[in-house]
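Enquirer: quick one: sequence and predicted model below, then my questions.
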Amino acid sequence: MTTTPTAVPASAGQELRPSRLPTDPTLRRAALLTAVNSLGNGLYFPLGVLYFTRIVGLDATSVGLGMTGAGLVGVAAGVPAGRAADRWGARQVGAWLWAGTGVATAAYVLVQSYIGFLVAVVCATGLQMASRGVQGAIYADVLPAATRVEARAYLRMVTNVFMGVGGLFGAIALQLDTRGAYMTVIVVNALSFAGPALLLPRLPLAPHALERTAHAPDAPAADRWRAVRDLPFLTVTVLNAILVAQYTLSEVGLPLWIVERTEAPRWTAALLMILNCVLVALLQVRVARRASQVPSAVRAMGFSGLLLAAACAVYALSAGLSPVWAVLALGVGAVVQVFAEVLSAAGGWTLGYELADSRAHGVYQGVFGAGMSAGMMAGPALVTVTAIQHGSAGWVVLGVLFAAAGLAVAPAVRWAQRNGEWRGDKS
């Protein structure tokens, strides 16, 4: 049996501000792990596809199909990974997943054929996506319940900042455009997983997790798979996944829209990405404080859907405008979308924790994380078949979908709460 570290209590009322380090030692350690990993990911993301096409010499379409297949494997792996976290401990399983991701990522430097690429990318992407739900379970175990959502907002801010810093250095590697530069970035990214993995098991459990472990170490086997049969929770998961698809607007939808449908200069896409990162870093913690309870989280999700609909309408208006006015319209839409993004993120974290059965957080967070992964995977196709193919009418359809999903969260949560009362869970 693994020795459990002494819990480090944290003040439920402590404030987290973007300009200050948190006072909770556990959150500081989690922030360090997040910063290191985000720096590596930011380095790699701008040049990952180019490495396999320009340096290894693979066909771009084949690379895209391979990455899509790897993503599907990752979505499917989320629930079993969560079940493993319940069985052997979220910190231990998370450490193994991160370490495995680091090893698989390092194997990219050895790829010389398409088969080798498929093996490496399926392992790396599958393990990394499986770890998302496990990370949710880790946060449920090591962060005080009263400040858990606010702490996750702080970690998201750290992620954005260090992804941006990593992206700057990644741009230098892109400019060098040499095999050595690409391989150096890959190795650094691999270390950003493998190094922090050694520290994950050392994160101390919060008091509520220690109490649960001491008094109820093993729930009945049937309870461990409850999340995959919990229809109200699955409904909330699907609605959250639809709202999560908004992330692909900045990454895929807007660049294509700007180039194909507007008179705005191409650099507008990069400007909107930078604007998004900066505003999320400034707003996420503040917004999370106001969406840390179920009623406020439900309102946040509803407002998020409506704001996304408004953003889609503004994006649609940018077509046919002069370059200057198109840039202004796209900028307004991007700002509205940022508010929707931080609201849905905070609301989703709260609901993902508060509606879960605390006796099986691993599999519940695995299901919720798999839903988010599925939403991000489906996003590019969704925005392409709506806005990119059908123009303004497509943006209207997309906006209605977002608004409907956000407003449907309220009845779905009421259903989930009634189900929680019936099962007697006090999470």
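Expert: Good, I have the coordinates.
Enquirer: quickly find the element holding residue 240.
Expert: Taking DSSP states H and E as the criterion, residue 240 maps to helix 231-244.
Enquirer: which other helices and strands does that helix contact?
Expert: Applying 3 or more CB pairs under 8 Å, 6 or more residues apart in numbering; DSSP states H and E, one finds that helix 231-244 makes contact with helix 294-317, helix 323-354, helix 361-383, helix 392-423. Placement of C-beta: from N, CA and C, glycine included.
Enquirer: pLDDT (mean, whole number) over the helix or strand that it is followed by?
Expert: Later in the chain than helix 231-244, the nearest helix or strand by DSSP H and E is helix 247-248. The predicted model assigns helix 247-248 a mean pLDDT of 84.
Enquirer: which intervals of the chain have sub-threshold pLDDT?
Expert: Along the chain, the model assigns pLDDT under 70 to residues 1-22, 206-225, 420-427.
Enquirer: again, only this time at 50
Expert: 1-16, 18-19, 214-222, 422-424, 426-427 (pLDDT under 50).
Enquirer: okay, which residue of it is out on the far edge from center?
Expert: residue 322 (35.2 Å; CA atoms, centre = their mean).
Enquirer: contacting residues around it?
Expert: Going by CB atoms under 8 Å, 6 or more residues apart in numbering, residue 322 touches residue 263.
Enquirer: what's it sitting at in phi/psi?
Expert: Backbone torsions of residue 322, given as degrees, to the nearest 10, read phi -60, psi 160.
Enquirer: measure it to residue 52 for me?
Expert: To residue 52, residue 322 is 39 Å away according to CB to CB, to the nearest Å.
Enquirer: and for residue 238?
Expert: Residue 238 sits 33 Å away from residue 52, going by CB to CB.
Enquirer: which of these two has more neighbours?
Expert: Neighbours were counted for residue 238 and for residue 52 using other CB atoms under 10 Å; residue 52 has more, 25 against 15.
Enquirer: tell me the SS of that one?
Expert: Here residue 52 takes the helix state, with states given by DSSP: H, G, I helix; E, B strand; the rest coil.
Enquirer: 23 is where my numbering starts, stick with that
Expert: Yes, from this point I'll number from 23; that puts the last item at residue 74.
Enquirer: surely it is in contact with residue 85?
Expert: Yes - between residue 74 and residue 85 there is a contact at 4.9 Å, judged by CB atoms under 8 Å.
Enquirer: report the set of residues contacting both of these two.
Expert: residue 139.
Enquirer: grab the nearest non-local neighbour of residue 122.
Expert: Ranked by CB to CB, 6 or more residues apart in numbering and with sequence neighbours excluded, the top spatial neighbour of residue 122 is residue 149, at 4.6 Å.
Enquirer: could you list every residue that touches the one you found?
Expert: 96, 99, 119, 122, 123, 126.
Enquirer: again, only this time at 6 Å
Expert: 119, 122, 123 (CB atoms under 6 Å, 6 or more residues apart in numbering).
Enquirer: and for residue 401?
Expert: Residue 401 touches 267, 270, counting by CB under 6 Å, 6+ apart.
Enquirer: give the burial count for the spatially closest residue to residue 399 that is not a sequence neighbour, as a bare number.
Expert: Nearest non-adjacent residue to residue 399, counting by CB to CB, 6+ apart: residue 93, 4.9 Å away. When neighbours are counted by other CB under 10 Å, residue 93 registers 20.
Enquirer: need the three-state assignment for residue 93.
Expert: Secondary structure for residue 93, judged by three-state DSSP, is helix.
Enquirer: do you know how far it is from residue 63?
Expert: 15 Å.
Enquirer: one more: residue 149?
Expert: Separation of residue 149 from residue 63 (CB to CB): 14 Å.
Enquirer: can you check residue 94 too?
Expert: Counting by CB to CB, the gap from residue 94 to residue 63 is 20 Å.
Enquirer: then residue 414?
Expert: In terms of CB to CB, residue 414 sits 35 Å off from residue 63.
Enquirer: the more surrounded of those two?
Expert: Counted by other CB under 10 Å, residue 414 and residue 63 do not tie: residue 63 has more neighbours, with 21 against 17.
Enquirer: and that one, which helix or strand is it part of?
Expert: Using DSSP H and E, residue 63 falls in helix 47-66.
Enquirer: that helix - contacts with which helices or strands?
Expert: helix 170-198, helix 201-219 (3 or more CB pairs under 6 Å, 6 or more residues apart in numbering; DSSP states H and E).
Enquirer: can you give the contact residues for the helix holding residue 262?
Expert: 326, 366, 370, 373, 377, 389-390, 393-394, 396-398, 427, 430-431, 434, 437-438, 441.
Enquirer: buried sites along that helix?
Expert: Within helix 253-266, the residues scored as buried using 16 or more other CB atoms under 10 Å are 254, 255, 256, 257, 258, 259, 261, 262, 263, 264, 265, 266.
Enquirer: do you know how far the spatially closest residue to the last one that is not a sequence neighbour is from residue 357?
Expert: This means residue 266. Nearest residue to residue 266, sequence neighbours excluded (CB to CB, 6+ apart): residue 397, at 3.6 Å. Note on residue 397: its distance to residue 357, by CB to CB, is 22 Å.
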